[in-house]
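Asks: Everything below, folded, please.
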Amino acid sequence: MWLFSFAILITMIKFDIITIFPRIFDSYFSESILKRAQEKRLIKVVAHNLRDFTTDKHHKVDDKPYGGGPGMVFKIEPIYRAVQFLKSKVKSKKSKVRTILFSTRGKKFDAKTAKRLSRYDQLILICGRYEGVDERSERRNISPTKKFPWAIMFCPAVSCRR
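Replies: Predicted structure coming up:
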């Protein structure tokens, strides 16, 4: 009887989170299964402060909605700069990168979506706030961008690694 050993090649997924509250996720990602996954180099989670990608002296990330309306929305310019910066850091041109914008008007995140997203090498997660993100973001070349429901729910999305 022959005994064969098969090595399963599992590549690391990098999660880049763009948010105005990067430290809010520290405790979630430094505990339990996610901590062990990072220690085993199955995932890498990095939270980026959106304010670092602004150009004004007050690091303002919000503004009134383009075209009017109530409330405040994220400005597209810092988001665009953050996504471009993260995409420029991709080591291999063969890497599969997906940008996801969390939105109240997004698609439902389910197991099927989690399985599909687990095939990517890097996921750039944009956490919305206020009344959302400037509508011009959908016309800007951040794509491919998917919209999913609101911000903190992405923590379980990171937990869905294979």
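Asks: Output the lowest mean pLDDT helix or strand found in the chain.
Replies: Ranked by mean pLDDT, DSSP states H and E, the weakest helix or strand in the chain is strand 145-148, scoring a mean of 46.
Asks: Who is the spatially most central residue of the chain paired with across the strands?
Replies: Compute the mean C-alpha point of the chain, and by Cα atoms, centre = their mean the closest residue is Leu125, 1.1 Å away. Beta-bridge partners recorded for Leu125 (DSSP bridges): Ile17, Ile100.
Asks: wait, it sits on Asp16?
Replies: Yes: if you go by Cβ atoms under 8 Å, Leu125 and Asp16 touch, sitting 6.8 Å apart. For every residue, glycine as well, the C-beta is placed using N, CA and C.
Asks: how many neighbours does Arg116 have?
Replies: 11 (other Cβ atoms under 10 Å).
Asks: Also the one 3 residues further on?
Replies: Residues near Arg119, counting by other Cβ under 10 Å, number 11.
Asks: Distance check, it against Ser32.
Replies: According to Cβ to Cβ, to the nearest Å, Arg119 and Ser32 sit 24 Å apart.
Asks: just Phe102 next, same as before
Replies: Applying Cβ to Cβ to Phe102 and Ser32 gives a distance of 22 Å.
Asks: and these two? which has more neighbours close in?
Replies: Phe102 (26 against 10).
Asks: Show the pLDDT at the more buried one.
Replies: For Phe102, the model assigns a pLDDT of 77.
Asks: Over to Lys112?
Replies: pLDDT for Lys112: 85.
Asks: and it, that's in a strand?
Replies: No: counting by DSSP: H, G, I helix; E, B strand; the rest coil, Lys112 falls outside a strand, being helix.
Asks: show me the contacts for it.
Replies: By Cβ atoms under 8 Å, 6 or more residues apart in numbering, no residues touch Lys112.
Asks: Give me the helices and strands touching the helix or strand containing Asp26, please.
Replies: Per DSSP states H and E: Asp26 is located in helix 26-29. Counting contacts by 3 or more Cβ pairs under 8 Å, 6 or more residues apart in numbering; DSSP states H and E, helix 26-29 is packed against helix 32-39, helix 154-159.
Asks: For the residue lying closest to Arg98 once chain neighbours are set aside, grab phi and psi.
Replies: For Arg98, ignoring the flanking residues on the chain, the nearest one in space by Cβ to Cβ, 6 or more residues apart in numbering is Tyr120 at 4.8 Å. Dihedral angles of Tyr120 (phi, psi; degrees, to the nearest 10) stand at phi -90, psi 150.
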